[in-house]
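Student: pasted the sequence and its predicted model underneath.
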Amino acid sequence: MAPHPHLLANHLVGMLGSALLLSAFANLAMRRLTSLVRIFALQGLLLTASTLAVAILSSETHLLFSALFTFIFKVVLLPTILFRLMNRLHIQGEVESLVNVPSTMVIGLGIVVFSFTLAAPISELASTVSKGLIGVGLASLLLSFLMMITRRKALTQLLGFLGMENALFFSAINATYGMPMVVELGVAFDVLVGTFVFGIFFFQIRETFESLDLKHMDSSSLE
Amino acid sequence: MNPLPQPVSINLFVFFIWIFVGALGYPLLQKRETLLKPLALLLSIGSILLAYSAFLSLLSGTDYRFTVEGGLPGLLFHLHLDPLSSFFLLILGGAGTGVLLFSGGSLHAMSPRKKPGFFLNLSFFMASMEGVFLADDAYLFMIFWEAMALFSTFLVLTDRDRSEVRDAGYLYLLMAHFGSLLIMMGFFFLASREPSGQVQFLESLTFNAMATSTPSTGLSFLIFLLVLLGFGAKAGLIPLHVWLPRAHPAAPTPASALLSGIMLKTALYGIIRLLFGLLGLDHLSATWGIPLLLTGGLMALFGILHALLQSNPKKLLAYSSIENIGILFLGVGLAILYFKSGHPVAGEIALGAVLYHAINHAFFKTLLFLGAGTIIHASRTNDLNAMGGLLRRMPVSGGLVLAGILFASGLPPGNGFVSEWLLLQSTLQAWILSNTLFRSAVLLGAALLVLASALSAMGFVKFFGIGYLGIPRSEEAGKAHEVSFLELTGMGWLAGGCLLLAALPLTLLKGINHVIRSLTGHVFPDTLLSGGWIWIRPISAHGASYSPPLLLALLLAALPLPWVLLRLLRKPSTRTSPAWGCGYSVRTPRMQDTADAFGQPIRHFFPFFFAMKRRIPAPDEKDPLLELSVEDPHWPYLFRPLLRLFVRFSELADRVRTGRISVYLVYSFVTLLFLLSVLRWM
């Protein structure tokens, strides 16, 4: 592999990718809801940085706008909404998980290995600057999915969902220099609206079940 | 655009009359119930118009195709009026008129809440049946076919507060969907072949394109099977008939008459249209006629045997419809066999007999269903065992039903005799077949046909004898009264139709000649039509012949004879009752034959056809009670095991459904991982 002219920026993108993967693991390990939201904001920051880096590397100007939007939506708007939601719902405390943290971590490791093996041939084919990072994106996506499975509260489901979206965005930036602007904007707004809808649902769920624990919504609890 | 030919525009006009009157009738009837009579009259005027124009276009052999804006992009609505459509439109209009007239009189007894809905469904049902006959592409055909299934289900479900009606409706809808699925597959295979030239797939859905395509033998057989089973589900082909004896009696009387008398014919239309018209005789094989022929024969026997055991008059008639459909299937099989083994004359006679029997059955079965409805309504029970003595209390409608029974029993000079006789003449041509297998199959079919029609006469004797004759078996039956004028008019219309069909068959046979020519390219032999309107000589001038008008006149002339003889021979003496009575001084209803007893010998001679459970009490029992239940064997031996299998499978599948969100997420997660690895390593 011939050395790229912007070696530093190249390394930077790689480092940001590994930071994203790390944050996905942190998501699995964290026990407090506030820390989860903070990690989500941090992921947004990482995404902004890596988008900027890719923009500089590839000199695609529209990625600069992408970075701006990512910053506004994922670092400022969504975390604010989430914090306010938590305040209004009076939930800050411990996150209960169905599977204990060490086992989740081990499963997560397996998933990372799986993702990298899976992504290997795609990385070979990719012609973009940061081809090694598709595996990272896939792994973060599956890890966020794993978080949705192992956590019990409705809010953690939302955070897992948002995490998946982040990972998808990351893969898209690195594999193909981002999607067309219209699509990116659309997705960003979808996520925003989705968060609002989730928020309304949380209020409804709490009013119906007096709790946000998913086990009350199982069909077994009706019997 | 050129002006449409007159019959076509009348057809479209009637279609819109039915749609508009139905749609407007709904709100009107909710406001004023008394409007029912004029609205029903409007519907029946449309029906008369339809019958009239169909008759004219049938006799002139009109063959006209046209398109209407709409449909799918790239596929306009194709419609056509060819002799086959005209023939079935004649059935629809002719028999439909009687039923619609009848419903104008009979619906006043229905609860006001159900009336508007029933009226709407009735008129839309008629319109969709007309659409089925007029459609000229698979898409439009399926639209009308499904509309017909839907509205007829609504008609069946009119009394949906009764659970057996709901069950019947569900079963019917299930079978209708099963059938539609097979029909659609049949159309797909007919259309999906690479058509000659640059024809798009959608354009290959028109009947015209399907008729010119050339499928391979294997594919043709597949289409043959799909068509047969698909339309068979609608027609009550054994073993797909189980819905029929449940759904037809569950509907209100005019609806059950339409279902049994006319809607079953749409299935026959579909079979003839697809097999003879679209698949074409060239792609059929003589061997395929044999299973059709034998199934039809067995179906006829099965249907009539079960009819004989029913004590619900409508159920009896529904099973008798299965018998008649069996006869039609037998005829279609016979026609295929003859045509494909190179004997077109016998094939034409068989196909003509099928068509003639279809219209006969439409007329007499609707008449009998209406009759059954009147006695059920009058005696407030649907059990023949509680009826009796109704002829004295309902002389006019009883007389009309008696006429219907004579027509239906296949006795000369009835119209049923004309078609069954023609079919028999065709089977008697078996000697011209060189293949022994074919020959014996045809003769076996003939034997089954004769047995079934003899038994059907017995069934109708039961229907009339137990229901109308003797003395009333219940208080309600004793209080029965004659039905209203409109109801009588409807029944009279149908009886008149039967009489015309019985007396002047040659007029209609000329029309049928056009149908057969347009389907197969053959025409009836000259001898058949050369007899003027008096003689039918189907095969040759020296063979068997039959003259309905002469026979009818002879019988009518001989009618006074017994009366005259009685008058001459009887000694004018007064008769006094003997002192000791000898059993005749007391006459109770219990001394009469019952409906169940009437069927007993049949049960005894043909146990193979029934699933019976019988418990005969021991001689020393305190409270001796004979228990007997007779069932259609397809339930215990075919459908219930199937149902159990299905339920077991569903329970297994249900274990996957835990109702926990995280488990569902795991499912999608694992599926995702699996699909990704398939993508990577396969």
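Tutor: Good, I have the coordinates. Numbers count the residues shown, from 1 in each chain, chains lettered A, B, ... in the order given.
Student: helices or strands next to the biggest helix by length in chain A in the packing?
Tutor: Identified as the longest helix of chain A according to DSSP state H is helix A:181-209. For helix A:181-209, the packing partners by 3 or more Cβ pairs under 8 Å, 6 or more residues apart in numbering or on different chains; DSSP states H and E come out as helix A:62-70, helix A:78-89, helix A:154-176. Placement of C-beta: from N, CA and C, glycine included.
Student: shaky segments in chain B?
Tutor: Scanning chain B for pLDDT under 70 picks out B:1-3, B:192-201, B:531-533, B:541-542, B:572-587.
Student: break it into its domains for me.
Tutor: Using automatic domain parsing, the domain parsing of chain B gives B:285-556, B:634-681.
Student: the longest one: how far from the chain's middle?
Tutor: Read that as domain B:285-556. 11 Å (Cα atoms, centre = their mean, to the nearest Å).
Student: same check, this time on the last one
Tutor: Remark: domain B:634-681 is offset 40 Å from the chain centroid, using Cα atoms, centre = their mean.
Student: what residues sit buried inside stretch A:72-80?
Tutor: Within stretch A:72-80, the residues that count as buried by 16 or more other Cβ atoms under 10 Å in any protein chain shown are A:73-75, A:77-79.
Student: and the residue in the stretch 51-200 of chain B that chain A sits nearest to, how many residues sit next to it?
Tutor: Closest residue of the stretch 51-200 of chain B to chain A, Cβ to the nearest Cβ: B:Tyr170 (25.9 Å). By other Cβ atoms under 10 Å in any protein chain shown, 16 other residues sit near B:Tyr170.
Student: next one: the one 4 residues further on
Tutor: Other residues within reach of B:Leu174 by the criterion other Cβ under 10 Å amount to 12.
Student: which residues of chain B lie near chain A?
Tutor: Contacts of chain B with chain A, taken as Cβ under 8 Å from any Cβ of the partner chain, map to B:658-662, B:665-666, B:669, B:672-673, B:676-677, B:679-680.
Student: put the buried members of those residues into a ChimeraX selection.
Tutor: This is the ChimeraX syntax for the buried subset of the residues of chain B next to chain A, where burial follows 16+ other Cβ under 10 Å:
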select /B:660,661,662,665,666,669,673,676
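Student: max pairwise distance over the residues of chain B next to chain A: which two?
Tutor: Farthest pair in these (Cβ to Cβ) is B:Gly659 and B:Arg680. Separation: 32.9 Å.
Student: name the nearest residue to B:Phe606, sequence neighbours excluded.
Tutor: Closest residue in space to B:Phe606, ignoring its immediate chain neighbours: B:Leu305 at 5.4 Å, by Cβ to Cβ, 6 or more residues apart in numbering or on different chains.
Student: so that neighbour, which state does it fall into?
Tutor: Of the three states, B:Leu305 takes helix under DSSP: H, G, I helix; E, B strand; the rest coil.
Student: quickly note the distance from the closest residue to chain A within chain B to A:His216.
Tutor: Closest residue of chain B to chain A, Cβ to the nearest Cβ: B:Gly659 (2.7 Å). Taking Cβ to Cβ, to the nearest Å as the measure, B:Gly659 falls 12 Å from A:His216.
Student: and if you look at B:Ala358?
Tutor: 63 Å.
Student: of the two, who's got more company?
Tutor: Taking other Cβ under 10 Å, B:Ala358 and A:His216 do not tie; B:Ala358 has more neighbours (24 against 15).
Student: the more buried one touches B:Leu328, doesn't it?
Tutor: Yes: B:Ala358 is within contact range of B:Leu328, at 6.1 Å (criterion: Cβ atoms under 8 Å).
Student: what do the two both touch?
Tutor: B:Leu268 (Cβ atoms under 8 Å, 6 or more residues apart in numbering or on different chains).
Student: only the buried residues of the helix or strand containing B:Leu550, if you could.
Tutor: Using DSSP states H and E, B:Leu550 falls within helix B:548-558. For helix B:548-558, a neighbour-count test (16+ other Cβ under 10 Å) marks B:548-549, B:552 as buried.
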